[in-house]
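1. I need the structure of the sequence given here:
(2 chains, ligands or ions: 1)
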Amino acid sequence: MREITYREALREALIEEMRRDERVFLLGEDIGPYGGAFQVTQGLIEEFGPERVRDTPISESAIVGTAVGAAMTGMRPVAEIMFGDLTALAMDQICNQAAKIHYMFGGQANVPMVLRTPFGGGVNIAAHHSQSLEAWFMHTPGLEVATPSTPYDAKGLLKTAIRRDNPVIFCEHKVLYPKKGPVPEEEYTIPFGAADVKREGGDITIIATLNMVHKALAAADRLAEDGVDAEVIDPRTLVPLDRKTIAESVMKTHKVVIVTEDCKTGGVSAELMAVVMEEAFDYLDAPIKRVAGTDTPIPFSPPLEGFVIPDEDRIIRAVREIVKGE
Amino acid sequence: MVKIRFFEDKAYELFSQNMIPGTLHLYAGEEAVAAGVCGNLRIDDYITSTHRGHGHCIAKGGDLKRMMAELMGKKTGYCKGKGGSMHIADMSIGILGAVGIVGAGLPIAVGAGLSAKLRGTDQVCACFFGDGAANNGTFGESLNMAAIWKLPVIFVCENNLYAMSVPYSTAFAVKNIADRAAGYGMPGIVVDGMDVVEVYRATREAVERARRGEGPTLIECKTYRWRGHSRLKAHESKLYDPKEYEIWRRKDPINIFRERGYIEDEMLNKIEEEVASEIEEAVRFAVESPFPEPEEALDDVYA
Ligand SMILES: Cc1ncc(C[n+]2csc(CCOP(=O)(O)OP(=O)(O)O)c2C)c(N)n1
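-> Residues are numbered from 1 along each chain as shown, chains lettered A, B, ... in the order given. Predicted structure coming up:
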């Protein structure tokens, strides 16, 4: 199968959905001639024109609110917020408007919009541009939250997101954009709420999201040399969450490590841990361990940033502590 | 202005040599704004700064050594390596910090102005922000609040004609951002941001007005970023008109100052020599400084 980057996979999903459905349009900062801060919308304005690939002023609240209004009245907007951190500026429109409209109005209106935004650290741009805020949105009923880790998932999930009738927070990761992976030429979509077993194994389940999936896979390879056979599960969508696949894996391995980049307290890892407890407590042979970001803002300096974001060594240590009682 | 120019040129050089991690938003070309505004401020006055903040910090009296060390992520930097280029602050001289969030400095400046008023001092706060920031909601909310409460805030819009890739003409339906001041009930003034004397004079009036308790002013400085948005060189991008670039490149604020006879060549040369050695010293200090220990990432989360 051909290999393309995460960035190209996202761009293909946008192009295919825009060709398929004329209600789909894009809006966001610098997404037009510039092609987006991370170059995902590169060249789209040439095919679809400035009406459908709409450059906006630096007005995050208005970008999201505009998408909400357009979505309620028959369009299918895909809004881009340049950095995930900047969703904070649009929080009312995301959490009080987009998330609540269907429910609060008794199901009269849908808000079929997608908010694409990159999270994560690793590129030394400090606390205002490096956060992982998926938990904010998981904590808001009415939103769906997608977290693709590979080009294949990115394309399939984005196409599904655009076709969903709910507001979707589509969490990308900025260090994944240049990563390559196999993506079929032919049309496909990936359903929401279907976790992916990224690596099969019998000794321990590692549940990981976004860029941490890659670190978990690398850790699993190194653990294999040591005779530890780790299974790596990627939920792919945090809302809806595939509790079944997670539970089945735990029933097989009896041990769990959860790896997320967001900070530990009140984070994605806390929720995943609770799900394991609710679904498979009786099958656990050891306490669950979490490898998460530290409870700090993301610092700028490379040695500091390297310390706060989980790495392979920390994952391996956590697994060994459980599997070998070290 | 010379200090800012030399600092920025050096930072660019070091960044190209991978001595500075992350990214840089350089202020070269806009020196007259920071210098003209801060020239009116006392050490106990405040400023709020932006992602393109080195110039503001230098003009307000920031320490080049600690700035350079911060850019390199060193322990001796202003923020102990936690902030980097985009987040320099020095509370001891009223630099309330550079922000990575466009438009976030405006309400903070209102708060500083309110605090000065509540504490009964005659301090003022100069709030730097770009044309792009003027389209964020914080702009309207902050100008309004500062105006109704007659706060000592000088809103300094650095209109360098672009917000990242977006030209002014496609993001505004008004000719001048200063025209918006009327809607909030404060004076709105347009100045040539390449002429430090013009910036200085307009700011002086605004500062005096603010200190007298007559409220805020919006000053729009027409300027240009010579090195593009961040790592990008302006003239290397397909998005810029090379003719426009050449025109603005010729309006060098330092040259304009010299050509108009505000400074003798000899004096300027002397300043340049002094500044060059100060910059070299700052670089040496930064290079020789240690990186923070990784565990220091856990410090300072709470007071
Ligand atoms: C709220 C917010 N939106 C978007 C960004 C990304 N961004 C950083 S700088 C910038 C352009 C800012 O333009 P302007 O205010 O004119 O300042 P300039 O860069 O021209 O000095 C953008 C869009 C951000 N950091 N914060």
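2. OK, now which residue of the stretch 101-250 of chain B is nearest to the ligand?
-> At 2.3 Å from the ligand, B:G130 is the closest residue in the stretch 101-250 of chain B, using C-beta to the nearest ligand atom. Using the backbone N, CA and C atoms, a C-beta is placed for each residue, glycine as well.
3. So what does that residue have for phi and psi?
-> Backbone geometry at B:G130, expressed as degrees, to the nearest 10, gives phi -90, psi 170.
4. Could you pull up phi and psi at residue 20?
-> The chain I'm using is chain A. phi -80, psi -30.
5. meant chain B actually
-> phi -120, psi 120.
6. and if you look at A:G65?
-> According to degrees, to the nearest 10, A:G65 has phi -60, psi -40.
7. Contact distance from the ligand - what residues of the stretch 1-150 of chain A qualify?
-> A:29, A:58, A:60, A:82, A:86, A:89 (C-beta under 6 Å from any ligand atom).
8. On the three-state scheme, the fourth one is what?
-> This means A:M82. The three-state assignment at A:M82 reads coil, by DSSP: H, G, I helix; E, B strand; the rest coil.
9. Go ahead and confirm it touches A:Y34.
-> No - with contacts counted by C-beta atoms under 8 Å, A:M82 stays clear of A:Y34, the gap being 10.7 Å.
10. quick revisit: which of the residues of the stretch 1-150 of chain A next to the ligand are close to chain B?
-> A:29, A:58, A:60, A:86, A:89 (C-beta under 8 Å from any C-beta of the partner chain).
11. any idea which of the residues you listed is closest to B:R52?
-> A:I58 (13.7 Å; C-beta to C-beta).
12. Does the closest one lie in a helix or a strand, and which?
-> A:I58 belongs to no helix or strand when assigned by DSSP states H and E.
13. which ones are touching B:V124?
-> B:41, B:45-46, B:113, B:116, B:152-154, B:207, B:210-211 (C-beta atoms under 8 Å, 6 or more residues apart in numbering or on different chains).
14. what's the burial count for A:P184?
-> 11 (other C-beta atoms under 10 Å in any protein chain shown).
15. export the helix or strand hosting B:L118 as CSV, just CAs?
-> Per DSSP H and E, B:L118 falls inside helix B:105-119. The C-alpha atoms that make up helix B:105-119 are tabulated as CSV, following Å, rounded to 0.1, in the frame of the first residue of the first chain:
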residue,chain,number,x,y,z
GLY,B,105,-2.3,41.2,26.6
LEU,B,106,-5.1,43.7,26.2
PRO,B,107,-7.3,42.8,29.2
ILE,B,108,-4.2,42.3,31.3
ALA,B,109,-3.1,45.9,30.5
VAL,B,110,-6.6,47.1,31.5
GLY,B,111,-6.0,45.3,34.8
ALA,B,112,-2.7,47.0,35.3
GLY,B,113,-4.2,50.3,34.6
LEU,B,114,-7.1,49.7,37.0
SER,B,115,-4.7,48.6,39.7
ALA,B,116,-2.6,51.8,39.3
LYS,B,117,-5.8,53.8,39.6
LEU,B,118,-7.0,51.8,42.7
ARG,B,119,-3.6,52.2,44.3
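16. Name the surrounding residues that touch it.
-> Residues contacting helix B:105-119 (C-beta under 8 Å, 6+ apart): B:46, B:48-50, B:96-97, B:99, B:122-129, B:133, B:138-139, B:141-143, B:145-146, B:149, B:151-153, B:155, B:210, B:213, B:216.
17. hmm, back to that, which of the residues of the stretch 1-150 of chain A next to the ligand lies closest to chain B?
-> For these, the residue nearest chain B by C-beta to the nearest C-beta is A:I58; the value is 4.5 Å.
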